[in-house]
Every structure is written in structure tokens, then in C-alpha cells.
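Novice: sequence first, then the predicted structure, then my questions.
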Amino acid sequence: MTTIPATPGTGPDPSRPTPTPTSPDAGRTPAGLVPGASPDAAELARVASDRAADLLAPPAPVRLHDVVPAPEHVRPDPDGDFTLRADAALRVGPAGRDVAEQLAGWLRPATGYPLPVTDITVPDADGPLTLTLTSNGGGPADGRSAADGRSADGMSADGGSGRGLGAGPVDGEGLGAEGYRLDVTADGVRITADTAAGLLHGAQTLRQLLPVAIESPTPTGERWTVPGGTIVDRPRFAYRGVMLDVARHFFEVADVLRVIDHLSRYKLNHLHLHLTDDQGWRIAVDSWPRLAEVGGATAVGGGPGGWYSRDDYRRIVAYAARHHVTVVPEIDLPGHTNAALVAYPELAPNKIAPPPYTDTEVGFSYVDPADERTYAFVADVFGEVAALTPGPWLHLGGDEAFKVPAESYRAFVERAQALLAATGKTVVGWHQLAPAGHADGRVLQWWGTDGDDPETADAVRRGARLILSPANHAYLDMKYAADTPIGHDWAGLTDVRRAYDWDPGSHVHGVPAEAVLGVEAPLWTESITNRAEVEFMLFPRLPAIAELGWSPRSTHDWAGFRERLAGQGPRWTTAGIAFHPAPEVPWPHATIPTQAVRGSASATR
């Protein structure tokens, strides 16, 4: 990562007396006291005690460089550590209030502090969003500090950002749609962003900079110290996601919401839901009700199945939106459709209902590309799903339709793309769509294992963009090692280093970095049946993919990443998150999780 050089003139002045708890800097009112007032003895004693504790406190247990994914720019200030106290409050303008409420919700259980969320007294309507975290109740009555010209809530005296790094965050550049700036001083923490999404990313960084015990569900006696300094951070790629296959095995709404929490923690911003496949149809469609009622009743291995009602799906979408995660629904066509054909045999090429399918082989089923009834079905399903989905993307699948002749496949895809576009959404599909005619804005999700793919490169030259999901690096259902009890190995064994050691910007030959929209880590669930197994396969590889999507290429360094990743283990253990104790990561003592993950027969895909 890049370390910002210390700003000249900001170090301690040797000619100035060192302040003591009972003798504050000349001309400056101690934090928590109002100038001109006559504090009582109890208030003076409280402030003196706090200042003494600050002077005697050890350094923050977390370093500013320990964040995952790695920030773009970091400038530590060892003299600027901030200690969160019981009287702390979060101050924020109206546009950032929901983020402040989320941050307070993360911090209250472990600290036991009330952490009220209050409005900034004088919000700057034309300025950036600002969230401040302060202790000891404020500062001088006029909002100014004689020592540095900054208000007690961290805003500069003129209402601007007070950045000290030029006009913008770095060399005059803006923070953008998801960037943030985090300033930590002894007087408070300030997060600045141009959007609520950026503010949330900054809040997640602050969460990582607090001691591990912040993940505890009950109060602890920890000293809540944040390392001093400045972070300026923005994502490398706009699209950073995870795919959860809910078709092979169904996962309840609560499980999906927990996955969204994991995405938000590591600044991932898209959740791709694989809603339909041979083994199950998981989204209710009013105009074709048997899709869920009949097609959703099965799962791999003969499990009970399940599906999301429209209200269930709305709940997932709303929860994701609050975490600034966009839901990308996938209706896989023309193949992977056995569950739909069981429900509506008139969509099958032979018009005969196949038996329900609970195995894991692929490539045998498809809707009839020569029947107009098929396209009425496609239009209805896309229309209803699009109406429930506020995000811009709708994924039409398109992979492994092995039984469909090439010309029929191409004709189907081109009609399906047009029907999807008619809903107002942008087409996303697996890279097998590449030979079909280009649709405006089309995105191909590339899941190959060999970066030499002329057909995909040609589609990019015709205007397509790519989401990178190389199966031998980013598929989270691949086993970590030969003895991993669940998962597959058809794309190889994927330990944490393999998940981390590749560059999305140059992975597919002939595709320039500017054509790469981002990265996504798919989790297929043929062998995965419950929440603990989902987490076991996500962690610790999900943060590796998150860093590839968020952090500048210049920060990518396996040795540094594994050390920072190791620090996440105690957080997961404290939070009750299952994970694989990968031997290539130097986990701290007593971090190894105790959750058991069952053995499972391997499956294909």
C-alpha cells in the first residue's frame, strides 16, 4: 500500500511545554469543557482522569495498515490515537444518518455504550457527507479550537473537509461514488465521503481499526482505542461481488442476509443470486405460479427445497440496499431448466414433463428455442423479476446448454437479450453468450480457467465488458486442499494464495483493464447445505477476492496480505463466523475455529 508522507510542520514542537493532565495547552480548553464556564470539581476530575489515561495508555492494538482490503493511501500518526468513551456520540448529516445508525449498532453490543446518533449542528448542504465520532461531549462554544482551527466535530472552520493533502483527497482527485476519507486524531474520528456508500465503507474500516473485542455480542472491559492517522481510499473496480447458488440447495432469507453482512464487511457491493437451475426454482412468479410451487420443491440429494415469495425477495433486496449492495438476480436460460420443465412441460422440446432432478450433472436440459410459448415465458419471468429488482442488472445465465445446436442457441440468446433489455435492465450472462450478437451495455461473466479466450476477447472488441470469475482462482466451491470435506476440485485446488495471486486487469488475454467491470466470487452449492458450510467456503478466501476488486494493483503483496488476513481470524472467531484455518496463513494463537464441517460427496460443476 502507499504510505502518505507526514505533512511538514505537523510534528511536536520541542519549544512547546509538554501538556499534562492538569495543565492543558496554553490557549486551549481541555476536551469536554466549555471556555468561559466554571466547571465544578467533579467535571475537572473527570477530564483530568481521562487525559491521564490517554497519556499512560499503550499504543492502539491495531495498526492503521492492518485493514482488509488494503486502503489506497495510509498516513499513520502515532500521537493521534483516539479512545472511545462511554459518553461518545456519532454526529452526522441527514443523508448519512442510516450509516451512523448501522455503525452504532455494530459498536453498542461490545462497548455497552449508548452511542447516540445526533445531527451535526451546522451541516454543509453543498459539501461532502460527514460522520464524526467524538467523546467528552464537544468543545469550545463557537465550534473552534484555538490549537488547530478545527471544530470539535472534526469539520474545518470553513465547513470544508480540512484535508491537509491538497484540494482533494489526494492530489486534487475526488472521492468518487464509493471512496471515503478517515481522519483519526486524539479528539475524535471523522469519516468524509461524497456518498452514503462511501460513508459506509469508511465505517467498516473504522470497525476493523477497533480492537478485536468489538465483534463481541456482549460488553467487554476493552479499552476502545483507534490508531491515529489518515486513510484515503477508493475502489479499483466498480463491480465487486459474490454469487450465492440458492438453486442446488435452498438457503433461507436469514442466511442470505448474513451473506450480505459479510459482503459489506469487506466492501463488496454486488450479490448475484443464482435463483434457478435443474434442481430448483427459487423465486415466485405470479404469472407462472407452478415454477415455485412445483419447481421449487426439490434440491440436490432430495432435500426439501424452498423458494422466495415476492415479499421474501423484497426483504433481501431492501436489506442489501441498506448495506449498499446491489442484488443481481439470475434466471438461467436456455439450459439448467429441468425444474421449470417439471412445472411446465409445454416449455420442453418434447412437451413431456421430465422427472424432478436431484443429482448434480449438468448440460442435459433446455427450453424449446423453436416455440413462441418459450419467449412469452421468458418475457413474463424477466418482467416480474425486473420489477422487483431496483438494481440495473439482470443475469440470464446462458452456460452449459450442451444439447442446443449452436445456431438455435445464438438465436435464443439474441431474442432473450432483447426481452431482458425491454425491462430496462442491462444484460449480464456467462461468457458462453460471447458469440451472440452484442446488446447495448452487455456484461459477460468469464469463468474460464485459461486466459487465452479469443471468442470472449472478440466480444469485448464488439462492446462487451467483463466480470472476472476464473474458476481456478475465484470459485469458492473449489476445495482448499485434497482433504477438504466439502466442495469440488474440477478446476483445481484453490488455497488462499491461489485465490489472491492473480490480476483481474490483465487476466484474459486481449482484454484491456478498462473493459473489466470488476470481479465476482461464485459459490456453487451442490455440496453445501447450511450456513456454517457457506462461511467455511467463503472465509478466508472472500477477503482475498475483495482485495483484488478494491485495492490498487500496487498494494497487492501476498506476504503483506497474509499477515493482515491473519488478524481477521480472531474477529471471525469472536463474531461466531465459521472459517477454514488455512495453513498458509499465520493465524494468532487460539484463533482456530471449533465449528465442525461435515464430510460430503463431491459433485460436478
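Specialist: Yep, that arrived. Numbers count the residues shown, from 1 in each chain.
Novice: so which residues of the stretch 51-200 of the chain form strands?
Specialist: Remark: strands assigned in the stretch 51-200 of the chain by DSSP state E, counting those that start in this stretch are 73-76, 82-84, 89-92, 117-119, 129-134, 180-185, 188-193.
Novice: bridged to residue 233, which residues?
Specialist: Counting by DSSP bridges, residue 233 forms beta bridges with residue 180.
Novice: just give the number of residues close to it.
Specialist: Neighbour count of residue 233, defined by other CB atoms under 10 Å: 29. C-beta here means a position set from N, CA and C on the backbone, and glycine is covered the same way.
Novice: could you do residue 329 as well?
Specialist: Residues lying near residue 329 (other CB under 10 Å) number 26.
Novice: now it: which helix or strand?
Specialist: Here residue 329 sits within strand 326-333, counting by DSSP states H and E.
Novice: does residue 488 touch residue 482 like I think?
Specialist: No. Checked against CB atoms under 8 Å, the pair residue 488 and residue 482 is beyond contact range at 11.9 Å.
Novice: what is the least confident helix or strand in this protein?
Specialist: strand 2-3 (a mean of 44; mean pLDDT, DSSP states H and E).
Novice: with just CA atoms, put the next helix or strand after the strand holding residue 329 into PDB.
Specialist: Downstream of strand 326-333, the first helix or strand assigned by DSSP H and E is helix 338-343. Coordinates of each C-alpha in helix 338-343 appear next as PDB, following Å, rounded to 0.1, in the frame of the first residue of the first chain:
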ATOM      1  CA  ASN A 338     -35.200 -29.000 -15.500                       C
ATOM      2  CA  ALA A 339     -37.100 -27.600 -12.600                       C
ATOM      3  CA  ALA A 340     -39.000 -25.300 -14.900                       C
ATOM      4  CA  LEU A 341     -39.800 -28.100 -17.300                       C
ATOM      5  CA  VAL A 342     -41.200 -30.200 -14.400                       C
ATOM      6  CA  ALA A 343     -43.600 -27.400 -13.600                       C
END
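Novice: which residues are contacting helix 338-343?
Specialist: Contact with helix 338-343 is made by 247, 276-281, 288, 290-291, 293-296, 298, 347-348, 353-357, 364-365, 367, as judged by CB atoms under 8 Å, 6 or more residues apart in numbering.
Novice: filter these down to the ones in helices?
Specialist: By the criterion of DSSP state H, membership of these in helices covers 290, 291, 293.
Novice: wait, the first one touches residue 344, no?
Specialist: Which is residue 290. Yes. Here residue 290 reaches residue 344: they are 6.3 Å apart, a contact under CB under 8 Å.
Novice: ok, residue 539 - how many residues close by?
Specialist: Residue 539 has 25 neighbouring residues, counting by other CB under 10 Å.
Novice: just checking, it touches residue 576?
Specialist: No. Under the criterion of CB under 8 Å, residue 539 is not in contact with residue 576, lying 12.0 Å apart.
Novice: sticking with residue 382, tell me its helix or strand.
Specialist: Going by DSSP H and E, residue 382 is in helix 372-388.
Novice: residues of that helix that come out buried?
Specialist: Within helix 372-388, the residues that count as buried by 16 or more other CB atoms under 10 Å are 374-375, 377-386, 388.
Novice: spatially nearest residue to residue 384 (excluding sequence neighbours)?
Specialist: Distances taken as CB to CB, 6 or more residues apart in numbering place residue 285 nearest to residue 384, at 5.2 Å, with adjacent residues excluded.
Novice: pull the number of nearby residues for the one you found.
Specialist: Using other CB under 10 Å, residue 285 has 24 neighbouring residues.
Novice: and it, what does it touch?
Specialist: Applying CB under 8 Å, 6+ apart to residue 285 gives the contacts 291, 292, 380, 381, 384, 385.
Novice: and those residues, which two are furthest apart?
Specialist: Farthest apart among these by CB to CB are 292 and 380. That separation is 13.5 Å.
Novice: phi, psi for residue 397 please.
Specialist: phi 70, psi -120 (degrees, to the nearest 10).
Novice: bridging residues for it?
Specialist: Per DSSP bridges, the residues bridged to residue 397 are residue 333.
Novice: measure residue 490 to residue 278 for me?
Specialist: Applying CB to CB, to the nearest Å, the value for residue 490 to residue 278 is 17 Å.
Novice: who's more crowded, the two?
Specialist: Neighbours of residue 490 and residue 278, each counted by other CB under 10 Å, are more numerous for residue 278; the result is 30 against 14.
Novice: which residues touch that one?
Specialist: So residue 278 contacts 247, 336, 337, 338, 339, 357, 362, 364, 365 (CB under 8 Å, 6+ apart).
Novice: likewise residue 133?
Specialist: Contacts for residue 133 (CB under 8 Å, 6+ apart) come out as 82, 84, 88, 89, 90, 91, 103, 188, 189, 190, 206.
Novice: any weak-confidence spans in the stretch 1-150 of the chain?
Specialist: Applying pLDDT under 70 to the stretch 1-150 of the chain flags the ranges 1-58, 121-127, 136-150.
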